[in-house]
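Novice: here is a sequence together with a model predicted from it:
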Amino acid sequence: MRYIDEFRDAASVQRLARAIRRMVTRPWTIMEVCGGQTHGIVRFGIDQLLPDGLSLIHGPGCPVCVTPLELIDRALAIAPLPGVIFCSFGDMLRVPGTSGDLLRAKSEGADVRVVYSPLDALEIARKHPERDVVFFAVGFETTAPANAMAVHRARVEGVGNFSMLVSHVLVPPALEALLAAADCRVNGFLAAGHVCTIMGLDEYHPIAARWKVPIVATGFEPVDLLQGIAMCVRQLESGRAEVENQYARSVAARGNAPALRMIHQVFEVVPRKWRGIGEIAASGLALREEYRVHDAETRFGVSVVCADEPQECLSGLVLQGKLKPAECPEFGTRCTPDSPLGATMVSGEGACAAYYRYRRRECAP
Amino acid sequence: MRSLLPLPPSRVRTMTGDRRLGAGVVDPSLLACPAPLRHATVQLAHGGGGRLTRELVERIFLPAFGSSAGAERHDCAVLEPPAGRIAFSTDSYVVTPLFFPGGDIGKLAVYGTVNDLAMSGAVPRWIAASFVLEEGFSIAELEKVARSMAEAAKSSGVEVVTGDTKVVDRGRGHGVYVTTAGIGVVPPGVEIGPANIRAGDALIVSGDLGRHGVAVLSVREGLEFEGEIASDCAPLSGLVCSLLEAGIELHCLRDLTRGGLASALNELALDAGLELVIDEAAVPVGDAVRGACELLGLDPLYVANEGRLVAFVRQAEAPRAQAVMRARAEGARAAVIGRVERQGVSRGRVTARTPAGPTRLLELLSGEQLPRIC
């Protein structure tokens, strides 16, 4: 299959792994930002191919994982209300809030539906004008354009019963927050290819320059990941700290102009709380004033719902690359995909879930 | 009345009751033109045991599954005990939508039970079918389901000999739920089961994987993929019969239904204490299914099938077993995908060598796979 097979080719994978092994002369720590990359690395065993001393740590780029507990609680407050149809991407349904998750709300009678696009939720709103249709808009820059488009269309068409519970987050401020931490171990980043496809590379140049870290926009297949790692290592070994593009088949330096216009038209940049990390300035998106009539938090008065993270879940450290999933004392014992303590054990892209699924026997305490 | 079913020769005394179906005698003239019913949709009274129930049985189920002509009405089917051991299985069928590319709930209900029986090497013979109907469900659709079941029964050589219908209030069901139970006969000398699996055995899948799950998902969610993906829904009894006739020593068979190949292998590995290793690159998955799974973030090894099995045979017999499967339409893409690395381990496990080289663990999933955000 085109765009898949050539990027999973065993010979290319081995060749790249050998090249990386030859290149490395000192220990380096590279963070892959995106949960999709973490999933690929663990699924295909990419880290097993790397030389000792070159370690990968898993970044905060799993949208499900970083959605703060209180947003889940707000979703859980809205979903069971009479007349509400609560629409969400599938992997949000199992994320635990303070008490229960959306699947449980569904089993207790809430009308919770899995959709594949915010435009599907908008269609449900058109079909059910007597119901309040809410879409749980979670994600990074990748999902922002489609969500913006859905709200924009709702406004233009006057679909008044459509609203969004917005929990959008942005990658570059999170990278800066990680780099600013005193105990930051990261020497270089694999930036998320899909995010860069939308946003382009412009916002990464100041970060690379200021913190002297190489940043390589990287794809998700084994060959992509190894190429990204090789490009990053080459920079590190030669003392460079630049922004490079491994994922050129998808990422243009300036990003996707129509998508960017739509994001800026509908959303504004706001501070956001990240689950397990805390509030980061200018790290999220919220609906602009003229679209706020479609803001579910206002419509249902749930902005007052607040929640603190449970102490026993160390996902904040995992999301910052300070702890490997298997190093958590609760991993695989009190915390499993069947009864997760935190979101990183739930989502397919969560680092803890990826380790549990593909590595548990090797990691088990 | 002479049986019109090809297999097996009917030794059934045809029995029907108000709520029971007639014996497996399909009369094509009745299939072609049933008389119209008083109602176009299912009424609560259709399950009440009165005139409407009788009408439903006589106009829908008997024409599909058998004739009441001359038949003695009774509360059960009475069957001659066959020579050999009996295999007995039951399963319930719930699917949205009821009709999907490559199949429907009726086909699933027959083939599902036929396949469960076939996994023990049994020749499936008789099926009981129970229907839970939702008030308001279209009679025409019910008739389509019943006819589809009749065709499925015919193609897999079983007779639908008894059944039941109940009606639930509108909103309390999903159109129709079907439960089937089946009886098959295990030929003398045939011993197939997890206890017979040996270290060194080869694992062979009978065809490409993931088609049923993706077909149903794409219709249910209105996803459009290039080229229609049809369910693999099919009976496996013929394939098993061919393998047995070819003298292949089948150590174990397992049909790959919900949870897909990975879940079936895990169940066997855990139950029988096995270490199984598969080569992911050798697992046949069609391009359309692969593409859909890539888009949705699903792993085809965990996606449902309805007409595929995995066979455990001695390594030396694997090429011949694969050839026997490939000689049949439903086994055309059969492939050797792995081997039993060790037996008698305390905690069974399944690993996959990834196309890129390293290995990964295939675990049982917590629940269904959920499509991911991006």
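Specialist: Right, received. Where do you want to start?
Novice: what's the neighbour count on B:D164?
Specialist: 17 (other C-beta atoms under 10 Å in any protein chain shown). To be clear about C-beta, it is placed using only N, CA and C from the backbone, and glycine gets the same treatment.
Novice: how about B:R38?
Specialist: The number of residues packed near B:R38 is 10, by other C-beta under 10 Å.
Novice: identify the residues contacting it.
Specialist: B:52, B:55 (C-beta atoms under 8 Å, 6 or more residues apart in numbering or on different chains).
Novice: where in the chain is pLDDT low?
Specialist: Since you didn't name a chain, this refers to chain A. For chain A, residues meeting the criterion pLDDT under 70 lie at A:348, A:361-365.
Novice: you answered for a different chain; I wanted chain B.
Specialist: B:1-36, B:67-73, B:226, B:370-374.
Novice: if we use 90, what do you get?
Specialist: By pLDDT under 90, the low-scoring segments of chain B are B:1-39, B:45, B:47-59, B:61-63, B:65-84, B:217-228, B:291, B:294-298, B:354-360, B:363-374.
Novice: grab the longest helix from the chain for me.
Specialist: With no chain named, the answer covers chain A. helix A:222-237 (DSSP state H).
Novice: please go with chain B instead
Specialist: Chain B, longest helix under DSSP H: helix B:139-155.
Novice: and that helix, what does it pack onto?
Specialist: When contacts are defined as 3 or more C-beta pairs under 8 Å, 6 or more residues apart in numbering or on different chains; DSSP states H and E, helix B:139-155 packs onto helix B:62-65, strand B:103-104, helix B:105-118, strand B:123-134, strand B:159-168, strand B:176-186.
Novice: next, count neighbours for the closest residue to A:P172 other than its chain neighbours.
Specialist: Leaving aside its chain neighbours, A:P172 sits nearest to A:E203 (4.7 Å; criterion: C-beta to C-beta, 6 or more residues apart in numbering or on different chains). Residues lying near A:E203 (other C-beta under 10 Å) number 18.
Novice: report the separation between A:E203 and A:T344.
Specialist: 26 Å (C-beta to C-beta, to the nearest Å).
Novice: which stretches of the stretch 51-200 of chain A form strands?
Specialist: A:54-61, A:84-88, A:111-114, A:132-139, A:162-169, A:188-192 (DSSP state E, counting those that start in this stretch).
Novice: let me know which of the ones you listed is tucked in deepest.
Specialist: Mean neighbour count (mean count of other C-beta atoms under 10 Å in any protein chain shown) peaks for strand A:188-192 among these, with a mean of 28.
Novice: tell me what angle that strand forms with helix A:222-237.
Specialist: 150 degrees (axes from the mean of the first three to the mean of the last three C-alpha atoms, to 10 degrees).
Novice: how's chain A carved up into domains?
Specialist: For chain A, automatic domain parsing gives the domain ranges A:5-64+A:171-245, A:65-170+A:255-299.
Novice: may I see these arranged in JSON lines, with distance to B:R147 as well?
Specialist: Formatted as JSON lines, the domains of chain A follow (distance: least, C-beta to C-beta, whole Å):
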{"stretch": "domain A:5-64+A:171-245", "distance to B:R147": "42"}
{"stretch": "domain A:65-170+A:255-299", "distance to B:R147": "32"}
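Novice: who wins for proximity to B:V205 among these?
Specialist: domain A:5-64+A:171-245 (20.0 Å; C-beta to C-beta).
Novice: quick check, distance from that closest one to the centre of its chain.
Specialist: 15 Å (C-alpha atoms, centre = their mean, to the nearest Å).
Novice: measure it end to end?
Specialist: Separation of the first and last residues of domain A:5-64+A:171-245 by C-alpha to C-alpha, to the nearest Å is 21 Å.
Novice: burial measure for residue 242, as a count.
Specialist: Because you didn't say which chain, this covers chain A. Neighbours of A:E242 using other C-beta under 10 Å come to 14.
Novice: looking at chain B here, not the other one
Specialist: 16.
Novice: what about it, which SS state?
Specialist: With DSSP: H, G, I helix; E, B strand; the rest coil as the basis, B:S242 sits in helix.
Novice: which residue is the nearest non-sequential neighbour of it?
Specialist: B:S242's closest residue in space is B:V324 (C-beta to C-beta, 6+ apart), at 5.4 Å.
Novice: now do the contacts for the one you found.
Specialist: B:242-243, B:246, B:248, B:331.
Novice: recalculate using a threshold of 10 Å.
Specialist: B:204, B:239, B:242-248, B:311, B:317, B:331, B:334 (C-beta atoms under 10 Å, 6 or more residues apart in numbering or on different chains).
Novice: A:A177 too?
Specialist: A:60, A:184, A:274, A:277-281, A:283, A:320.
Novice: next one: A:P68
Specialist: Contacts of A:P68 by C-beta under 10 Å, 6+ apart are A:74, A:167, A:169, A:272-279, A:284, A:306-309, A:343.
Novice: got it, and B:L203?
Specialist: Here B:L203 is in contact with B:197, B:252, B:254, B:261, B:265, B:268, B:276-279, B:282-283, B:310-313, B:318, B:335-340, B:350 (C-beta under 10 Å, 6+ apart).
Novice: mind checking which of those residues land in strands?
Specialist: Judged by DSSP state E, the contacts of B:L203 include B:252, B:254, B:276-279, B:310-313, B:335-340, B:350 as members of strands.
Novice: okay, how far is it across stretch B:64-76, tip to tip?
Specialist: Where stretch B:64-76 begins and where it ends lie 18 Å apart, using C-alpha to C-alpha.
Novice: go on, stretch B:40-56?
Specialist: 11 Å.
Novice: buried sites along that stretch?
Specialist: Across stretch B:40-56, burial judged by 16 or more other C-beta atoms under 10 Å in any protein chain shown covers B:41-43, B:45-47, B:52-53, B:55-56.
Novice: tally of neighbours for the residue lying closest to A:S99 once chain neighbours are set aside?
Specialist: For A:S99, ignoring the flanking residues on the chain, the nearest one in space by C-beta to C-beta, 6+ apart is A:L76 at 7.7 Å. By the criterion of other C-beta under 10 Å, A:L76 has 23 neighbours.
Novice: enumerate every residue touching A:E70.
Specialist: A:77, A:97-98, A:167, A:273, A:275, A:302-309.
Novice: ok, back up a step: return the subset of the buried residues of stretch B:40-56 lying in helices.
Specialist: Counted as lying in helices by DSSP H, out of the buried residues of stretch B:40-56, are B:52-53, B:55-56.
Novice: looking at the residues you listed, which one is closest to B:V185?
Specialist: Looking across these and measuring by C-beta to C-beta, the closest to B:V185 is B:L56, at 31.4 Å.
Novice: that closest one against B:P63, yeah?
Specialist: No - in this structure, B:L56 is not within contact of B:P63 by C-beta atoms under 10 Å, at 11.1 Å.
Novice: what do those two both touch?
Specialist: B:143, B:146.
Novice: got the contact list for the residue of chain B found nearest chain A?
Specialist: Here chain B gets closest to chain A at one residue, B:P358, 2.6 Å apart by C-beta to the nearest C-beta. Counting by C-beta under 10 Å, 6+ apart, B:P358 makes contact with A:10, A:13, A:17, A:42-49, A:222, A:358, B:352.
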